[in-house]
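K.L.:
Fold the following.
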Amino acid sequence: MLTVVSTANAPAAIGPYSQAIKVGNLVFTSGQIPINPATGELVTGSVEEQTHQVLKNVKAVLEAAGASLDSVVKTTVFIKDMNDFAKINAVYATYFTVNPPARSCVEVARLPKDVLIEIEAIAYVADK
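P.N.:
Numbers count the residues shown, from 1 in each chain. Reported below is the predicted structural model:
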């Protein structure tokens, strides 16, 4: 069964997509960018500040689906500049401290709203 996941604790979709889709025991998040859901404003600070906000948004979407960062099995990280890889890794490591998920990281030409980072995740939701 397919379920649309939505939460006010993460930015609303800025296009024709859902924050996440849950299918069976899997949750597929849409890419999250550094928008503060409380204000709707873009976090335009350093790549570290943007990475923190993105991961907070991913966490909020996962929690709305009954998952958590601990249940993430795969992430895809899109970054504007591969030179920021070490800075992003340092922040990322504080969110995935035990058994980090599989991950891909790619440098892209441009991201929505010209942000520095976007992250999407796939997580497992245990049966209750």
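
K.L.:
T44 - how many residues pack around it?
P.N.:
Using other CB atoms under 10 Å, T44 has 12 other residues around it. C-betas here are computed from N, CA, C, even on glycine.

K.L.:
Doesn't T76 lie inside a helix?
P.N.:
No - if the criterion is DSSP: H, G, I helix; E, B strand; the rest coil, then T76 is strand and not within a helix.

K.L.:
That one contacts I119, correct?
P.N.:
Yes - T76 lies in contact with I119 (CB atoms under 8 Å); the separation is 7.1 Å.

K.L.:
Of these two, give the one with the bigger neighbour count.
P.N.:
Neighbour comparison, T76 and I119: the larger count goes to I119, with 24 against 16 (by other CB under 10 Å).

K.L.:
what's the average pLDDT for the host helix or strand of the more buried one?
P.N.:
Using DSSP states H and E, I119 sits in strand 117-124. The pLDDT scores in strand 117-124 average 98.

K.L.:
Please export the C-alpha coordinates of that strand as CSV.
P.N.:
The C-alpha trace of strand 117-124 is given here as CSV (Å, rounded to 0.1, in the frame of the first residue of the first chain):
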residue,chain,number,x,y,z
ILE,A,117,23.3,20.7,-0.7
GLU,A,118,20.3,18.5,-1.1
ILE,A,119,19.8,15.0,0.5
GLU,A,120,17.2,12.3,-0.1
ALA,A,121,16.9,9.1,1.9
ILE,A,122,15.4,5.6,1.9
ALA,A,123,14.5,4.2,5.3
TYR,A,124,13.1,1.0,6.8
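
K.L.:
circling back to that earlier point, now list whatever residues contact both of T76 and I119.
P.N.:
Residues touching both T76 and I119 by CB atoms under 8 Å, 6 or more residues apart in numbering: G31.

K.L.:
returning to that earlier point: can you give me the offset of the strand holding I119 from its chain's centre?
P.N.:
Centroid separation for strand 117-124 versus its chain: 4 Å, with CA atoms, centre = their mean, to the nearest Å.
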